[in-house]
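J.: can't give you the sequence, but here's the structure:
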């Protein structure tokens, strides 16, 4: 096997240097993407904390002000079923037709749910006509 010439070694060296520079550029781009992702994550966390602190479900739902409310009973085969309300990953099972003391945000979630059901029913009626 013949020894490579100086010219061949120089060409190979130049190719390796170009490949090294391309890899360095790629690493720099990836580091910039990682930094941007970390910044977006920090911003999202800051916004989430502000949302929890400002309104909606409090950081400690058990410390939330309680209100007395009676969830209405329903007719039909599901009349004896309790109502289940899920808010931010926490589930609450509440008996219908009985006055209960619940966090205020549960009552708000219930009204929002009922409003959405009414809107859906109205839409179905409009489409059916």
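T.: Arrived safely, thanks for sending. Everything numeric here is computed off the predicted structure, so don't read it as measured data. Numbering: from 1, shown residues only.
J.: drop to CA atoms for contacts and neighbour counts, all remaining ones
T.: Noted.
J.: what about residue 67, how many neighbours?
T.: Other residues near residue 67 come to 14 when the count uses other CA atoms under 10 Å.
J.: before we move on, which element is it in?
T.: When elements are assigned from DSSP states H and E, residue 67 belongs to strand 66-70.
J.: So what are the sheet partners of that strand and their directions?
T.: Looking at strand 66-70 with DSSP bridges, its partner strands are strand 99-103 (antiparallel).
J.: Touching the strand it pairs with from outside, list them.
T.: 61-62, 64-71, 94 (CA atoms under 8 Å, 6 or more residues apart in numbering).
J.: next helix or strand past it?
T.: Assignment by DSSP H and E places the next element after strand 99-103 at helix 104-128.
J.: Now find how far off-centre that next one is within its chain.
T.: 22 Å (CA atoms, centre = their mean, to the nearest Å).
J.: same deal with stretch 76-88?
T.: 25 Å.
J.: So which bits of that stretch are buried?
T.: Buried positions in stretch 76-88, judged by neighbour count with 16 or more other CA atoms under 10 Å: residue 85.
J.: and if you look at stretch 86-103?
T.: 94-96, 102-103.
J.: Please convert those residues to a markdown table, extending it with distance to residue 117.
T.: Converted to a markdown table, the buried residues of stretch 86-103 look like this (distance: CA to CA, whole Å):
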| residue | distance to residue 117 |
| --- | --- |
| 94 | 19 |
| 95 | 20 |
| 96 | 18 |
| 102 | 22 |
| 103 | 22 |
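J.: and residue 4, which of the three is it?
T.: coil (DSSP: H, G, I helix; E, B strand; the rest coil).
J.: Same check on residue 77?
T.: Residue 77 ends up coil, using three-state DSSP.
J.: how close does it sit to residue 84?
T.: Residue 77 is 16 Å from residue 84, where distance means CA to CA, to the nearest Å.
J.: same check, this time on residue 45
T.: In terms of CA to CA, residue 45 sits 29 Å off from residue 84.
J.: what do you get for residue 104?
T.: 15 Å.
J.: Residue 36 now?
T.: Taken as CA to CA, the span from residue 36 to residue 84 is 40 Å.
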